[in-house]
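Colleague: Build the 3D model from these lines:
(chains A and B)
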Protein chains: 2
Amino acid sequence: MPNLIRITDPADPRIAAYCHVRERDLVGRDDHFIAEGEVVLRTLLESERHQPVSLLIDEKRVDGLGNITGRLAEDVPVYVASQAVLDGIVGFHIHRGILALGHRAPAPTADALLAGLSGRALVVVLMGIANHDNLGGIFRNAAAFGADAILLDAHCCDPFYRKAIRVSVGNTLTLPHAKLEPAEDVVALLERHGFTAVSLSPNGAFRLAELKRPARVAVLLGTEGPGLDAAVLARTLTVRIPMAAGVDSLNVATTSGIVLHQLTQAAVDEEPA
Amino acid sequence: MPNLIRITDPADPRIAAYCHVRERDLVGRDDHFIAEGEVVLRTLLESERHQPVSLLIDEKRVDGLGNITGRLAEDVPVYVASQAVLDGIVGFHIHRGILALGHRAPAPTADALLAGLSGRALVVVLMGIANHDNLGGIFRNAAAFGADAILLDAHCCDPFYRKAIRVSVGNTLTLPHAKLEPAEDVVALLERHGFTAVSLSPNGAFRLAELKRPARVAVLLGTEGPGLDAAVLARTLTVRIPMAAGVDSLNVATTSGIVLHQLTQAAVDEEPA
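Modeller: The predicted model follows:
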């Protein structure tokens, strides 16, 4: 039986973690996160990577969400409120009617994450992706094409931000990822673990369609504007996606989908050792 | 010299077309549209497909936008206002500091549009794409990969909506497109014009990576949820993008990028007649 607790006062201290979600998102929240919507919540519960701390749901949806609340441990409270109280708590209209407070599992180091992957592995490395829509879209694509892990440099936004989780359809909660240290040399790290590093760049030396998949491969993506650092491009295999004249670039999330499709559909160039 | 006119009252009737832009977007606006931002405005002026009626800009940006206002015809007024008056007019904070009211050129029929294309042509057909982000993203990708035209069924949203224009980076203003009639049989239309119709579907008969490009090809995309009608799938070449187990689908704009990359990078299967 889910542990249902009725909330009638938006200022109730038991649901303080849900207050003014939008503003609090922007400043980060230690090792907790807020997830919203039924699909994302189901993903959270199925993956078991991170732990739900509590749920907050619209009273009209208590019955309809029984398949989610029914699988919670008994010590996870399910706070129930009217739509008006719900909106008062979070500070905007929650049309999905379900939120969860989660606790993040400790993140592995990038080194440990790569060391744990198999001989045939696909990794996405993000540098300076500061837009939550793009970050979430890349995680969604990485999951769709079976990428094994994502590395984020210190200039990327937080994959546990509510909007990034939602756009990723919950995949930021399930796909293994690690944050690089501010001074960490990711190219050297990838080399040490036997990964071929492929950098996307409008001036890349090779056409993407020519690219065959190495057994251990890492795809490096930078921001739409300045792109990847010249120092990174100089030390990696650079690849371009040919475009029509006058068009400057593709959206970076779309780019990730195109590259991952190419890498997972192209023939394997070498077998894992 | 640009025709600069200072506006100090948000209720000034000369700028009535810009009032409460966000609400008005949702109800459509006959044969006019609102475009925003410097990149989009430059695209509008360079393409000459649609005509600017007036501009509304932040007084702080008058000098910096001289390269745009300087190329306007003298009968196109440039209204100038403080940021506070600007925000009062449009109803929210305009951080891009530049808006234009444009007049749409008459749209061709789908039949006329296809008839005017060359023997080697790539067309995207959208069915039920009701989300402006997705619609804009598809136009951006279509432009990036040199698609010749886009057809929209009667259930698609309006490519002249402000947000669709912005997300497309102005490409909804430049890429030729036509709206299908509510009862129009697009498969028959494409056949009549010698196009091979390729439908994207999770259960498609062929893997996308196997697809070679026909000289005249149309890519049909439906919504992420229900997808394309069974009646359409039954009469077209169906193609799937293989995905990891447990992942239901890709975002439709991302899908368009993957398909267009495949079609424009794959070898040509047959020469135009």
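
Colleague: okay, now the domains of chain A?
Modeller: Taking automatic domain parsing as the reference, chain A has its domains at A:3-103, A:110-265.

Colleague: which secondary structure elements does the helix or strand hosting residue A:54 contact?
Modeller: In the assignment (DSSP states H and E), residue A:54 maps to strand A:51-58. Secondary-structure packing of strand A:51-58 (3 or more Cβ pairs under 8 Å, 6 or more residues apart in numbering or on different chains; DSSP states H and E): helix A:38-47, helix A:66-69, strand A:77-81, helix A:83-90, strand A:98-103. Quick note: C-beta positions are derived from backbone N, CA and C, even for glycine.

Colleague: For chain B, which of the ones you listed is the nearest?
Modeller: Chain B lies closest to helix A:38-47 among the helices and strands packed on strand A:51-58, at 9.0 Å (Cβ to the nearest Cβ).

Colleague: weakest of the domains of chain A by average pLDDT?
Modeller: Among the domains of chain A, domain A:3-103 carries the lowest mean pLDDT, at a mean of 88.

Colleague: So what pairs up with the residue nearest to residue A:160 when sequence neighbours are not counted in the strands?
Modeller: Closest residue to residue A:160 apart from its sequence neighbours, by Cβ to Cβ, 6 or more residues apart in numbering or on different chains: residue A:33 at 4.0 Å. Following DSSP bridges, residue A:33 is listed with bridge partners residue A:102.

Colleague: cool, and residue A:196?
Modeller: residue A:217.

Colleague: How about the residues of chain A by chain B?
Modeller: A:137, A:140-141, A:143-146, A:207-209, A:241-244, A:247, A:249-251, A:253-255, A:257-258, A:261-262, A:264-266 (Cβ under 8 Å from any Cβ of the partner chain).

Colleague: Where do the strands of chain A begin and end?
Modeller: For chain A, applying DSSP state E gives strands covering A:3-6, A:32-36, A:51-58, A:77-81, A:98-103, A:121-126, A:149-152, A:177-179, A:196-200, A:206-207, A:216-221, A:237-240.

Colleague: thinking again about what came up before, make a markdown table from the helices and strands packed on strand A:51-58 and add mean neighbour count and distance to residue B:57 to it.
Modeller: Below are the helices and strands packed on strand A:51-58 laid out as a markdown table (neighbours: other Cβ atoms under 10 Å in any protein chain shown; distance: least, Cβ to Cβ, whole Å):
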| stretch | mean neighbour count | distance to residue B:57 |
| --- | --- | --- |
| helix A:38-47 | 18 | 41 |
| helix A:66-69 | 16 | 50 |
| strand A:77-81 | 22 | 45 |
| helix A:83-90 | 18 | 37 |
| strand A:98-103 | 22 | 41 |
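
Colleague: which phi and psi does the residue in the stretch 51-200 of chain A positioned nearest to chain B have?
Modeller: Per Cβ to the nearest Cβ, residue A:146 is where the stretch 51-200 of chain A lies closest to chain B, at 3.7 Å. Main-chain torsions, residue A:146, degrees, to the nearest 10: phi 70, psi 30.

Colleague: Would you confirm that it contacts residue A:122?
Modeller: Yes: the criterion here is Cβ atoms under 8 Å, and residue A:146 meets it with residue A:122 at 7.0 Å.

Colleague: Now list whatever residues contact both of these two.
Modeller: Residues touching both residue A:146 and residue A:122 by Cβ atoms under 8 Å, 6 or more residues apart in numbering or on different chains: residue A:264.

Colleague: out of those two, which sits in the busier spot?
Modeller: The neighbour comparison of residue A:146 against residue A:122 (other Cβ atoms under 10 Å in any protein chain shown) goes to residue A:122, with 22 against 16.

Colleague: tell me the most buried of the domains of chain A?
Modeller: domain A:110-265 (a mean of 20; mean count of other Cβ atoms under 10 Å in any protein chain shown).

Colleague: what about that domain, start to end distance?
Modeller: Using Cα to Cα, to the nearest Å, one end of domain A:110-265 lies 26 Å from the other.

Colleague: which residues does residue A:129 contact?
Modeller: A:135, A:138, A:152, A:155-157, A:221-223, A:252.

Colleague: Show the backbone phi and psi for it.
Modeller: Torsion angles, degrees, to the nearest 10, at residue A:129: phi -80, psi 100.

Colleague: For residue B:243, see how far away it is.
Modeller: Residue A:129 is 22 Å from residue B:243, where distance means Cβ to Cβ, to the nearest Å.

Colleague: Residue A:115 now?
Modeller: Relative to residue B:243, and taking Cβ to Cβ, residue A:115 is found at 27 Å.

Colleague: Equivalent analysis for residue A:215, please.
Modeller: For residue A:215 relative to residue B:243 (Cβ to Cβ), the value is 21 Å.

Colleague: next one: residue A:69
Modeller: On the measure of Cβ to Cβ, residue A:69 and residue B:243 end up 29 Å apart.

Colleague: Likewise for residue A:169?
Modeller: 12 Å.

Colleague: Could you do residue A:109 as well?
Modeller: Distance from residue A:109 to residue B:243, by Cβ to Cβ: 29 Å.

Colleague: One more: residue A:192?
Modeller: Taken as Cβ to Cβ, the span from residue A:192 to residue B:243 is 31 Å.

Colleague: again, but for residue A:49
Modeller: 21 Å.

Colleague: Which residue is the nearest non-sequential neighbour of the spatially most central residue of chain A?
Modeller: Centroid-nearest residue in chain A: residue A:172, 2.8 Å away (criterion: Cα atoms, centre = their mean). Once flanking residues are discounted, residue A:172 sits nearest to residue A:159: 3.8 Å by Cβ to Cβ, 6+ apart.

Colleague: next one: residue A:6
Modeller: Per Cβ to Cβ, 6+ apart, closest to residue A:6 is residue A:80, 5.3 Å.

Colleague: Do I have it right that the one you found meets residue A:4?
Modeller: Yes: between residue A:80 and residue A:4 there is a contact under Cβ under 8 Å: 5.5 Å.

Colleague: joint contacts of these two?
Modeller: residue A:62.

Colleague: Is it correct that residue A:90 is in contact with residue A:19?
Modeller: Yes: using Cβ under 8 Å, residue A:90 is in contact with residue A:19, at 7.3 Å.

Colleague: just checking, residue A:74 touches residue A:4?
Modeller: No: counting by Cβ under 8 Å, residue A:74 does not reach residue A:4; the two are 11.3 Å apart.

Colleague: Enumerate every residue touching residue A:140.
Modeller: A:167-169, A:171, A:253, B:250-251 are the contacts of residue A:140 under Cβ under 8 Å, 6+ apart.

Colleague: Of those residues, just say which sits nearest to residue B:63.
Modeller: residue A:253 (35.2 Å; Cβ to Cβ).

Colleague: which residues does the residue nearest to the closest one when sequence neighbours are not counted contact?
Modeller: With Cβ to Cβ, 6+ apart as the criterion, residue A:253 has its nearest non-adjacent residue at 3.0 Å, and that residue is residue A:137. Residues in contact with residue A:137 (Cβ under 8 Å, 6+ apart) are A:167-168, A:251, A:253-254, A:256, B:251, B:254.
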